[in-house]
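In: how does the following fold in three dimensions:
(chains A and B)
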Number of protein chains: 2
Amino acid sequence: MEERGISQAVIQRLPRYFRYLGELKDEGVERISSKELSELMKVTASQIRQDLNNFGGFGQQGYGYNVEYLYQEIGKILGLDKTHHFIIIGAGNLGRALGNYINFERRGFIFSGMFDQNLDLVGMEVRGIKVQPMESMERFIKENDIDIAVLTIPKAGAVAVAERLVQNGIKAIWNFAHVDLNVPENIQVENVHLSDSLMKLSYNLNRYMRENE
Amino acid sequence: MEERGISQAVIQRLPRYFRYLGELKDEGVERISSKELSELMKVTASQIRQDLNNFGGFGQQGYGYNVEYLYQEIGKILGLDKTHHFIIIGAGNLGRALGNYINFERRGFIFSGMFDQNLDLVGMEVRGIKVQPMESMERFIKENDIDIAVLTIPKAGAVAVAERLVQNGIKAIWNFAHVDLNVPENIQVENVHLSDSLMKLSYNLNRYMRENE
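Out: Just a heads-up that it's a prediction; the model follows:
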């Protein structure tokens, strides 16, 4: 499968295709045209065709897309047929929310460990996983084949913790700390800056209110 | 201030400028050139100039940007000089994490109410706010001048709850439910689809591993 040169914008849209196709599959839909998918997803049919053509395309003229096949193929492209073990650093509410989210397991992401510097939280269980002190982190990563770390700690400590994670073999960081991490280029980082998202909502709300005063 | 025609891509970058400028301000930096800001933020100086020119630009040739002024102006553009009251629907871990995040208050977002259909959670307190049953939601919105609702409930109920929110005067929804809401165009929606973000990370991780095997 040829994947080079695919823009991050396309990659960003793939999970949404995957979500819609999963729902169609669950509803028993076997095939769908790009036009129908376009109406459902509220994007143009031409965008859909273009996006899926990046991967060689899966449609057949006059037949449409095979939902199950397309769902499986996009899942493979996204790497969801592989298993990855992840740890969560930060056992606050956000860390616990993510640890409790069982859908991640269904996608091949196995919640394996949780760490916090707050000793009051150490020993607490989140879905059967005991919170460990930060000192145990390095060893745990090495012994348990951990690929992904989820950072749900305040920004003050996040940059230093990210460096420790990378030194110990973590390959990807899902970063919820409100700071840009400074890690080598071969480390994959996906930022979820919740404040930024709220500010964008605020901007759009205020613009709308000004324009309609 | 002329704002029409500003792309969502630019809007999406504004909170990041705001964050960096806030940090510079806290460090006592009074002015900064687009070149210095570019090195700090790892975007091109020309992008910075272009982005800020959308708002008339705040730089002076040979002087650079006044950090405090630019911080304040971007804050105003983002609507952070206004106060908005928000409620959280869903008192699970994620809802509680957001309710406990005091930085939102510093940006003018006042956490005012919390609702859940699970009666075991009703009465629980999150930062002084008591969780109420869903039946109390409509009246609370009207009596407390609520603009924004944060949806942290499973996707099954989210579309119906969003409709109730809109009927009762909510103008903006910060949606964490893993489903696209179906609301009128004048309602501002900002989606945080955490699974989509994790899948994007998964894609990049797997692609990197394949290319470097």
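In: list the neighbouring strands of the helix or strand residue A:65 falls within plus their orientation.
Out: Under the criterion of DSSP states H and E, residue A:65 resides in strand A:65-66. Using DSSP bridges, the strands paired with strand A:65-66 are strand A:31-32 (antiparallel).
In: tell me the pLDDT of residue A:61.
Out: On pLDDT, residue A:61 comes in at 65.
In: my error: substitute residue A:2 in the last question.
Out: So residue A:2 comes in at 42 (pLDDT).
In: check the one 5 residues further on too.
Out: Predicted confidence (pLDDT) for residue A:7: 81.
In: contact partners for it?
Out: Counting by Cβ atoms under 8 Å, 6 or more residues apart in numbering or on different chains, residue A:7 makes contact with nothing. In short, each C-beta sits where N, CA and C put it, glycine included.
In: how much space separates it from residue A:85?
Out: Separation of residue A:7 from residue A:85 (Cβ to Cβ, to the nearest Å) stands at 29 Å.
In: okay, now the domains of chain A?
Out: Domain segmentation of chain A under automatic domain parsing yields A:8-77, A:84-196.
In: deepest of the ones you listed, which one?
Out: Mean neighbour count (mean count of other Cβ atoms under 10 Å in any protein chain shown) peaks for domain A:84-196 among those, with a mean of 18.
In: from chain B, how far off is residue A:7?
Out: For residue A:7, the distance to chain B equals 12 Å [Cβ to the nearest Cβ, to the nearest Å].
In: what does residue A:24 give?
Out: 14 Å.
In: ok, now residue A:48?
Out: In terms of Cβ to the nearest Cβ, residue A:48 sits 15 Å off from chain B.
In: specify the local secondary structure of that residue.
Out: Three-state assignment for residue A:48 (DSSP: H, G, I helix; E, B strand; the rest coil): helix.
In: what's near enough to touch it?
Out: A:17, A:34, A:37-38, A:41 are the contacts of residue A:48 under Cβ under 8 Å, 6+ apart.
In: residue A:198 now?
Out: B:104, B:107, B:109, B:174, B:190 are the contacts of residue A:198 under Cβ under 8 Å, 6+ apart.
In: one more: residue A:18?
Out: If a contact means Cβ under 8 Å, 6+ apart, then residue A:18 has A:71, A:74-75, A:78, A:80, B:199 as its contacts.
In: pick the one among those residues closest to residue B:157.
Out: residue B:199 (23.3 Å; Cβ to Cβ).
In: the closest one and residue A:11, how far apart?
Out: The value you get for residue B:199 to residue A:11, if Cβ to Cβ is used, is 9 Å.
In: quick one: stretch A:107-126 near chain B?
Out: Yes - judged by Cβ under 8 Å from any Cβ of the partner chain, stretch A:107-126 comes into contact with chain B at A:107-109.
In: now do that stretch, average pLDDT.
Out: Stretch A:107-126 comes out at a mean pLDDT of 96.
In: same question for stretch A:68-85.
Out: 91.
In: dump it to CSV, keeping only the CA atoms.
Out: Extracted in CSV, the C-alpha atoms of stretch A:68-85 (Å, rounded to 0.1, in the frame of the first residue of the first chain):
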residue,chain,number,x,y,z
GLU,A,68,-17.2,-4.0,5.8
TYR,A,69,-14.2,-4.1,3.5
LEU,A,70,-13.6,-0.3,3.6
TYR,A,71,-14.0,-0.3,7.4
GLN,A,72,-11.4,-3.1,7.7
GLU,A,73,-9.0,-1.4,5.3
ILE,A,74,-9.2,2.0,6.9
GLY,A,75,-8.7,0.2,10.3
LYS,A,76,-5.5,-1.3,8.9
ILE,A,77,-4.3,2.0,7.5
LEU,A,78,-4.8,3.5,10.9
GLY,A,79,-2.9,0.7,12.5
LEU,A,80,-5.8,-0.6,14.5
ASP,A,81,-5.1,-4.2,13.6
LYS,A,82,-1.9,-3.9,15.7
THR,A,83,-1.7,-4.0,19.5
HIS,A,84,-0.1,-1.2,21.4
HIS,A,85,0.4,-1.0,25.1
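In: quick one: that stretch to chain centroid distance?
Out: Put simply, stretch A:68-85 sits 13 Å off its chain's centre (Cα atoms, centre = their mean, to the nearest Å).
In: switch the residues of stretch A:107-126 next to chain B over to CSV; also include distance to residue A:98 and secondary structure.
Out: Below are the residues of stretch A:107-126 next to chain B laid out as CSV (distance: Cβ to Cβ, whole Å; DSSP: H, G, I helix; E, B strand; the rest coil):
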residue, distance to residue A:98, secondary structure
A:107, 13, coil
A:108, 15, coil
A:109, 10, strand
